[in-house]
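Trainee: Make a model of this:
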Amino acid sequence: MSQPAPVTDDFTGALRGSGTKLETDTLAALDSIEGALRLEPTGPDRFRATNEPSRFGHIFGGQLLALAVRAAGTTVEGQPLNSLHAYFTRPGIVGEPVDIVVHRTRDGRALSTRHVEILQGRGAVFTAVASFHDNPATPEPVPEPPQAPAPLDLPLLQHWAAAAPVEMQTMGQTWIDVPPPLEMRIPEAPTFFGGAQAPGPRAHWMRLPRGIGDDPGMHHAMVAYASDYLLLDMAFRDHPEPVNYATTAGVSLDHAIWLHRPARFDQWHLYIQEPVSMRGQRALVRGTIVDAEGALVASTAQEVLVRPRPQR
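Mentor: Numbering: from 1, shown residues only. Coordinates of the predicted model:
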C-alpha cells in the first residue's frame, strides 16, 4: 500500500462522536439509505422504494444492489443470502420511485433462488439473480489480521476530496456536501480526486457511522451497498494509457457479490480491490472484504466499461 498522506486537516480525525458537520451529514445519509430500504409492498412479491439523494446524477448502483438483497430476502425464510449476480441495464432516475419484482425461481431445502427486477417508467434499470443457502457451521481456519495500516491512521475519503485539484473540486465538494452513508479511510486519492494512475491492488477501510440493529439481512444489504464504491475507479487507476474523468467515461456493467459469513458492518472492514483484466474498453476488477480480525466476509467482482467521451 502507498504511504498515507499526513494527517493534518479536519477530514482526518475521528468521525464518530466528533460532532462535525461531516459526521452529521454522514449520519443523515445513513438515515436516508435506511429509509430507501424500507420497502412498501404493492402486491405479491412486489415492492416500491424511494431513493437516497443524488450523488452521481443517477441512482447509485450500490443502492440497487441493497434493494435487491432486501427484496429477495423478504421472500426466503431460514436461508441467508450467499450470492447475488446483477446487471445494471440503464441509469435510474433519482427523483422517481422504483418498483421491485421478485420471482421465486426455486425453493429448496438447502438452497433457494430468486430473480429480481428493479423497474422505472422506461423499464428495467437493474436485474439480478440471488442465491440463498442455510450454510451449516463447520470448523474454520484461523484468519490472519489484515496487513494494512490501522483505519484511524489513514485519512478520510473527504480529505482527498478537499485536496482535489481545482478542475476536480466540484466533484470533490459533492462527496463532502452529500457524503456516502459510511466512513471510508483510504491511503491515496482516487483518480477522480487527482490520484495517480498505478498498477496493483488498493485497499480502504469502511464502516457505518453508527449501529443499524441486529438484522443480518440489513447488514448484508449495507455490505452489498458499500461494495460498489471505488471498483470503477480501479479501472482508471490501472489503465495502461493516461485517462481522466474529463475525457473518459466509465460505466459499471455488472456486479457479483458472494457473502461468506454474517457481517457487523457498523465495525471496521477492509476492502481490497484489484484489477484482473483490461482489454479493449472492458475491465474486470475483483475485491475481497475482510473484518478487522481478517476473516473473509465477502468477495466481489465487477466488469466496467472505460471509453472516450463523445466529442462535442
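
Trainee: if you count residues, which strand in the chain comes out on top?
Mentor: The single longest strand within the chain, with elements called by DSSP state E, is strand 296-308.

Trainee: Buried residues, it. List them.
Mentor: 297-304, 306 (16 or more other C-beta atoms under 10 Å). Glycine gets a C-beta too; all of them are placed from N, C-alpha and C.

Trainee: ok, now stretch 19-36?
Mentor: 22-23, 25-27, 29-30, 32-34, 36.

Trainee: Can you name the residues in contact with that stretch?
Mentor: 10-11, 15-17, 49-53, 63, 66-67, 156, 158, 176-183, 208-210, 212, 222, 225 (C-beta atoms under 8 Å, 6 or more residues apart in numbering).

Trainee: who's in contact with the closest residue in space to residue 53 that isn't next to it in sequence?
Mentor: Nearest-residue entry for residue 53: residue 178, 5.6 Å, with adjacent residues in sequence omitted and distances by C-beta to C-beta, 6 or more residues apart in numbering. The neighbours of residue 178, taking C-beta under 8 Å, 6+ apart as the test, are 25, 29, 53-55.

Trainee: what does the average pLDDT come to for stretch 239-252?
Mentor: Stretch 239-252 shows an average pLDDT of 88 in the prediction.

Trainee: since we're on the spatially closest residue to residue 195 that is not a sequence neighbour, how many residues are nearby?
Mentor: Closest residue to residue 195 apart from its sequence neighbours, by C-beta to C-beta, 6+ apart: residue 189 at 3.5 Å. Residue 189 sits with 23 neighbouring residues when counted by other C-beta atoms under 10 Å.

Trainee: Tell me which residues touch residue 189, please.
Mentor: 160, 163-164, 195.

Trainee: Pick the one among those closest to residue 147.
Mentor: residue 195 (21.3 Å; C-beta to C-beta).

Trainee: excluding its backbone neighbours, what's nearest residue 251?
Mentor: Nearest residue to residue 251, sequence neighbours excluded (C-beta to C-beta, 6+ apart): residue 305, at 4.5 Å.
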